[in-house]
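[1] next one to model:
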Amino acid sequence: MLTMMASSNSWLIETLGSTTAVIGLGATTLLLFGTTVLYLSTGGTASLFKENANGSVASGSASFSGRKSSVGTRDGADEVEKLDTAKYPGGYLTIYYGSQTGTAEMFAKQIASEGESHGFFVRVVDLQDVVENDSQEDIEAAKVDLGREKDVDEEGALIRATLTDPRYRDGKNHGENNSCGRSKALFFLATYGEGEPTDNATQFVEMMKGKSGISNIYKITGDGDQNGAMNGSTSSGSLEETTLDETLRDAEFLRDLDFAVFGLGNKQYEHYNNMGRFIDAALAKCGGSRIAPIGLGDDDDDLEGDFENWKDNVLWPLLKKKYIKGILFPQKDHAEPNSLPLCPYKIEYLKKGDEREVTPDMIHTSSKHYFTAVDCPISAKRELRDPSDPGSTMHIEVDISEHVGVLKYQTADNLGVLPKNDSAVVDAVAKALNFDLDQMFQLSPNTQPGNKDTTATKHTLPFPTPCTVRECLERYCDLAGPPRRSDLKQLASYAKSDIDRKALLRMSSKEGKAEYKEKILGSYVGIGDIVTKLCRSIECPLEHFISVCPRLQPRYYTISSSSSVHPKNIHITVSVLEEQKKNEEKFTGVCTGHLSELKKGDSVRVFVRDSTFRLPKQAERPIIMIGPGTGIAPMRAILQERSHMRKTLGDEHLGPNILYFGCKNRTLDYIYRDELKKFVDEGTLSELHLAFSREQEKKIYVQHLLAERGAETWKFIHNDIASIFVCGGVKMGADVDHTLQGIISEHGNMTRDKAKAYLDKMAMSGRFVQELWS
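    Numbering: from 1, shown residues only. As a prediction, the model looks like this:
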């Protein structure tokens, strides 16, 4: 959605002080290069529409005006209309995002929605589009675009073709340096898992590693201050000497790029905002100039608050100070009182049998699993806990025999499960918003009529259509998860009651954070609850609801079966999430609730994703496994695989297998007990160490048992080249990491810092692997 700020008849903009800015938000990071941002269209115009109360559609696009310009264009290349500098004195600003769940993209579009009111023409681009640029003319031109004797290589040209596209550069005498031909960009990057890039940023990150010469992306240090911005205005931190290979670095590669980065991460994880920090450092190493200090958002605390603070107090002030220099420009008119907010989608309702084609490249990169997932039957299901235990952990087996080619997996990979919302919730939402659940519809981008730019529809749709309204609400809309404060602000636009609208706006504000935590997060309130129970005056057309409501994300479970032993079945181990609401109702997790209701023969929609667990190629090397609770899932798979190898290769060719498992009580939640005993009896499991935390006054956890065997563990690690696999909660993972550092320091006779470096080296080589969840 695009909203315009309005407070007076004109805006007074001050100049920015620097050229580059980096922002980090918890698991996501945003980079800002110069001043180029496009909303919906990556070509000549950024198009948006406004639907009036009577249902008519009026143009609300932030577009170029005047004649088309041939400056900076090549024969055959798409032309871009000349920018109206009176309306956009700050010039072009492009925002690139790397997002796994959509939050980084949401932040990017929020910046875009404010761009015109601050004097910038903004466009938003998926980072996947940077590496999928198929314009050979642009790429060839980018090879020699720097005007130096040494041409840019293929990967460099591919990146430059988008990041420094001449069509979106500043013109002559623009900005504080009166320089010509500079690009401005922001990068929003989420950090995923244990310091990894999101799926749509993976290729871009790999290319930037090569161009920047940064060989170890996990060795970038530096912490953000309490305001979400880096301490210091020009750097995101320091690079350890061992991380930079000057022979690979191209120091001039992006010398005509101004940037800023915002990272999205979670401080519970060791490599907090790793991707934001890396991209910020890499852009600078390649010659880019920072507009603003990097912003870092922490999803464990207040991700949106970190973003808002960085946006309002760091980014916009610096951008305006640098690029606008006190220029007055017209203010956007107020929206009509009864008009709906701008919507990036439009809907065509279809008759039965009417078909439309949607190609995968039209769908958001983060939504590609909607195309790759397949329906498979449940072949077995059983409860693993004792009936006297109030909790539930299920063993589920999925029959993939009809989809072995699509769902081929390796031992301990991840199974992605696409959940369904509860049918009662779906029915209630449809009734409240007057949706026909059986109606078939087609979703398409709400682009400007006559716009022939083919990139305007690329990676813009959130899920595949045609589909029914029921399927849309069941599979693609997160009706139960807690909405973010920004979602409440958008919902407020559709509330007809002043009481409802003011309540939503209050909880969406900075001042209403405490009320939001109490009434939304603390009460397990989802958008479904808001529209059906709490704010019943909300009236929202389907396309707008799709825009406002977060996507229903897949849930990932580490596969608990060996692909050698069970090639046509996938096993998962699922702990059902149940919490008590303040009104004494029960809250059940969407996915675990969905799985718990399924019976043998029912279908579940799934896909396979690679994990980081990989057995050592040398079968004679030891494996130390640490997996309390459902963290035992990959360890069960590994033990099945090692048992298969023992029977195939013989005992003399298989190294020791050591397992540390923990739970509350051996009579309640000691899951897979019989199977572990069998592995011990047959000789596959060399050592089994059990921590039952509630069986004695002083709680005992797996890390305590590990510390007791420090000398033995050090011998396995150092002398026998053992691999260590850890799976479970983030806090447990941190405790195990700390214990291992202590063991290495004590028995390896080295300092704590050197012990940490030793463990880090093991991680880099794949010998120390953790898959953790918060």
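[2] could you report the neighbour count for Leu534?
    Neighbour count for Leu534, taken as other Cβ atoms under 10 Å: 15. Bear in mind the C-beta positions are built from the backbone N, C-alpha and C, glycine included.
[3] am I right that it is in contact with Val525?
    Yes. With contact defined as Cβ atoms under 8 Å, Leu534 counts as touching Val525 (7.1 Å).
[4] which non-adjacent residue is nearest the residue nearest to the spatial centre of the chain?
    Residue closest to the average C-alpha location in the chain (Cα atoms, centre = their mean): Gln100, at 2.5 Å. Leaving aside its sequence neighbours, Gln100 sits nearest to Thr198 (Cβ to Cβ, 6 or more residues apart in numbering; 4.2 Å).
[5] I figured that neighbour was touching Ser366, is that so?
    Yes. With contacts counted by Cβ under 8 Å, Thr198 reaches Ser366, the gap being 7.2 Å.
[6] spit out the residues that contact the two alike.
    99-100 (Cβ atoms under 8 Å, 6 or more residues apart in numbering).
[7] neighbour-wise, which of those two wins?
    Applying other Cβ under 10 Å to Thr198 and Ser366 shows that Thr198 carries more neighbours, namely 28 against 25.
[8] Phe607 in helix, strand or coil?
    In three-state terms, and counting by DSSP: H, G, I helix; E, B strand; the rest coil, Phe607 is strand.
[9] now do the buried residues in stretch 407-422.
    407, 409-422 (16 or more other Cβ atoms under 10 Å).
[10] again but with stretch 391-402, I slipped
    Going by neighbour count (16+ other Cβ under 10 Å), the buried part of stretch 391-402 is 392-400.
[11] likewise stretch 373-393?
    The neighbour-count check on stretch 373-393 (16+ other Cβ under 10 Å) flags 373, 376-379, 381, 384-385, 389, 392-393 as buried.
[12] please enumerate the strands of the stretch 301-450 of the chain.
    Taking DSSP state E, counting those that start in this stretch as the test, the strands found in the stretch 301-450 of the chain are 328-330, 342-343, 345-350, 374-383, 393-399, 414-418, 440-445.
[13] and the first one, what's its mean pLDDT?
    Just to be clear, that refers to strand 328-330. The pLDDT scores in strand 328-330 average 66.
[14] go on, stretch 139-157?
    For stretch 139-157, the per-residue pLDDT values average out at 68.
[15] so for it, first residue to last residue, what's the gap.
    The stretch stretch 139-157 measures 5 Å between its terminal residues, going by Cα to Cα, to the nearest Å.
[16] look up the pLDDT of the residue of the chain positioned farthest from its centre for me, please.
    Ranked by distance from the centre of the chain (Cα atoms, centre = their mean), the top residue is Glu652, with 44.7 Å. Model confidence at Glu652, given as pLDDT, is 83.
[17] part of a strand, is it?
    No. Per three-state DSSP, Glu652 lies outside any strand segment and is helix.
[18] how many neighbours does Ala104 have?
    Using other Cβ under 10 Å, Ala104 is surrounded by 37 other residues.
[19] wait, I meant His747
    Residue neighbour count, defined by other Cβ under 10 Å, stands at 17 for His747.
[20] for Ala157, same thing?
    Neighbour count for Ala157, taken as other Cβ under 10 Å: 19.
[21] is it within a helix or a strand, and which one?
    helix 154-163 (DSSP states H and E).
[22] helix 154-163 and the helix or strand that that helix is followed by, what's the angle between them?
    Next along the chain after helix 154-163, taking DSSP H and E as the criterion, comes strand 183-192. Here strand 183-192 points in a direction 110 degrees away from that of helix 154-163 (axes from the mean of the first three to the mean of the last three Cα atoms, to 10 degrees).
[23] for strand 183-192, packing partners?
    Under the contact criterion of 3 or more Cβ pairs under 8 Å, 6 or more residues apart in numbering; DSSP states H and E, strand 183-192 touches strand 21-26, strand 28-33, strand 91-98, helix 103-118, strand 257-265, helix 274-285.
[24] what would the ones you listed look like in TSV with distance to Leu505 and mean pLDDT?
    Putting the helices and strands packed on strand 183-192 into TSV (distance: least, Cβ to Cβ, whole Å; pLDDT from 0 to 100) gives the following:
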stretch	distance to Leu505	mean pLDDT
strand 21-26	22	38
strand 28-33	25	38
strand 91-98	26	94
helix 103-118	16	91
strand 257-265	24	96
helix 274-285	30	94
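[25] out of the ones you listed, flag the one nearest Lys431.
    Nearest of the helices and strands packed on strand 183-192 to Lys431, taken as Cβ to Cβ: helix 103-118 at 27.8 Å.
[26] wait, a helix at Cys591?
    Yes. The assignment for Cys591 by three-state DSSP puts it in a helix.
[27] residues contacting it?
    When contacts are counted by Cβ under 8 Å, 6+ apart, Cys591 is found next to 417, 419, 555.
[28] and if we set it to 10 Å?
    Cys591 makes contacts with 417-420, 552-557, 574, 576-577, 604, as judged by Cβ atoms under 10 Å, 6 or more residues apart in numbering.
[29] would you list these in a markdown table and tack on secondary structure and distance to His718?
    Shown next, in a markdown table, are the contacts of Cys591 (DSSP: H, G, I helix; E, B strand; the rest coil; distance: Cβ to Cβ, whole Å):
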| residue | secondary structure | distance to His718 |
| --- | --- | --- |
| Val417 | strand | 40 |
| Leu418 | strand | 44 |
| Pro419 | coil | 44 |
| Lys420 | coil | 49 |
| Leu552 | coil | 46 |
| Gln553 | coil | 41 |
| Pro554 | coil | 39 |
| Arg555 | strand | 38 |
| Tyr556 | strand | 33 |
| Tyr557 | strand | 33 |
| Val574 | strand | 37 |
| Val576 | coil | 41 |
| Leu577 | coil | 40 |
| Val604 | strand | 44 |
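[30] filter these to the buried ones?
    Buried by 16+ other Cβ under 10 Å: 417-420, 552-557, 574, 576-577, 604, out of the contacts of Cys591.
[31] looking at the contacts of Cys591, which one is closest to Asp427?
    Nearest to Asp427 among the contacts of Cys591 is Lys420, at 13.0 Å by Cβ to Cβ.
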